[in-house]
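Enquirer: Provided below for reference: sequence and predicted model.
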Amino acid sequence: MKIAYMLGSLNRGGTETLLLDLFSHKELLPDCICIYRRSGVLENDFIQTGVKIKKIAANSNWFSYLKELRMCLKKEKINLIHAQQPIDAFFALLATVGLSVRTILTLHGYDFHGGFLAKLILFFSLKLTRANIYVSNHVKNYYTKKYKLYKKKQFVVYNGINLKKIQSVAHNDTLRSELGIDKKTVLMGMVGNFVPGRDHMTVCRFANTLKEQGSNFHIVFIGKKTDAFPELFDSCFQYCQQNNLLHHVSFLGSRDDVPQLLAQLDLFVYATDYDTFGIAIVEAMVAGIPVLVNDWEVMYEISEHGKYVTLYSTKDVNSLLNQFEFVIKNKDAFRVKTIMAKQYAKEKFSIENHITSLLSVYDKVIYSRN
């Protein structure tokens, strides 16, 4: 078995980080290559994993791109392609016409955005791939029902995290020094770029409520303002500015020291509109800090119906406030809960478990007669 993993770019993002962690455990994988269309800030990190990577730029001449992709797949003797985006699955299907190469696709997001062409590509990719992988049961059920997909070719493989990156972190208070706050200040954080699907504004409103009642707190947003959706960042920043919250809320942008920052938080607070998984939630659990997250169905799923996190009602600031106060008043009880959550997350969402699940799907696809 030789696998080609296809990516759009090597910029920092959840999918790219997952593939990077995957390749850092290449000894657990079959022979593989990573084929990507655009360079990015993580290119050197991918090179350092030791997995072969190849850039095939997709310019305006798509025929030329498909021809080069086909030549690469034949030269590398690929028999399985694992695409991370519908467009790459579509390219793979076109490039392998007449070849004994099977294509599978992982759906990392929903189909809520994109025009007619993007949705047409998604439709054909879902129908023509040999298998589709989803990062949660909720997402699998959504796509299977909406697109009337053959159930036996739909699989769930939870995202995995590299435990070593989080567990090897030395505890210190550099973030408090950076922010100019003392140890009595309750330090909270939310991780994630400002993109559709995340609900940073609810956390901003929560911060305003805490300020109005005189709480001693500080919230950090770890994630960048994106070129595609700048208004999502701007609306949050302007809200904090208008409500005099910038002494209590910090926008740290994109950081490459997230594990170190997580280890310094007293609480992890998160709000989502429609996350497909919740990698930041899992990382916070592994870091051993209490997690406050809204009751979106996916969060129920990955936390065993709230057993390992504290759920609040979606977009309900008062509910979030009540749960926050409950956690603060019951620190000893939540210390036990975080220990249980850490063990649960390590066992269920390790990168090793992710790879084991992937290999199971690969075997089914490669050795299937259909």
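Expert: Sure thing, it's come through. Only a predicted model underlies this, so the values are computations on that prediction, with no experimental measurement involved. Residues are numbered from 1 along each chain as shown.
Enquirer: secondary structure element for residue 91?
Expert: helix 86-95 (DSSP states H and E).
Enquirer: Tell me which residues of that helix come out buried.
Expert: 86, 87, 88, 89, 90, 91, 92, 93, 94, 95 (16 or more other CB atoms under 10 Å). (C-beta placed from N, C-alpha, C; glycine too.)
Enquirer: which one of those sits closest to residue 143?
Expert: Closest approach to residue 143 among those (CB to CB): residue 86, at 10.9 Å.
Enquirer: did I read that right, residue 105 in a strand?
Expert: Yes. If the criterion is DSSP: H, G, I helix; E, B strand; the rest coil, then residue 105 is within a strand.
Enquirer: quick check, distance from the longest helix belonging to the chain to the centre of its chain.
Expert: When the chain is scanned for its longest helix (criterion: DSSP state H), the result is helix 331-348. Distance of helix 331-348 from its chain centroid, counting by CA atoms, centre = their mean, to the nearest Å, is 21 Å.
Enquirer: And for stretch 262-273?
Expert: 15 Å.
Enquirer: Please apply the same query to stretch 143-156.
Expert: Relative to the mean C-alpha coordinate of its chain, stretch 143-156 is positioned 21 Å out (CA atoms, centre = their mean).
Enquirer: if you average pLDDT over it, what comes out?
Expert: Averaged over stretch 143-156, pLDDT sits at 97.
Enquirer: what does stretch 274-289 give?
Expert: For stretch 274-289, the per-residue pLDDT averages 94.
Enquirer: ends of that stretch, how far apart?
Expert: Stretch 274-289 has its terminal residues 23 Å apart, counting by CA to CA, to the nearest Å.
Enquirer: And for stretch 35-50?
Expert: 14 Å.
Enquirer: contact partners of that stretch?
Expert: Residues from elsewhere that reach stretch 35-50 (CB atoms under 8 Å, 6 or more residues apart in numbering): 4-12, 16-17, 19-20, 23-24, 26, 34, 53-58, 69, 72, 88.
Enquirer: which residues of this protein score low on pLDDT?
Expert: By pLDDT under 70, the weakly predicted segments of the chain are 170, 369-370.
Enquirer: still on that earlier bit, helices or strands next to the helix holding residue 91 in the packing?
Expert: With contacts defined as 3 or more CB pairs under 8 Å, 6 or more residues apart in numbering; DSSP states H and E, the secondary structure elements packing on helix 86-95 are strand 2-9, helix 62-75, strand 80-83, strand 102-107, helix 116-128.
Enquirer: No further queries at this time; thank you.
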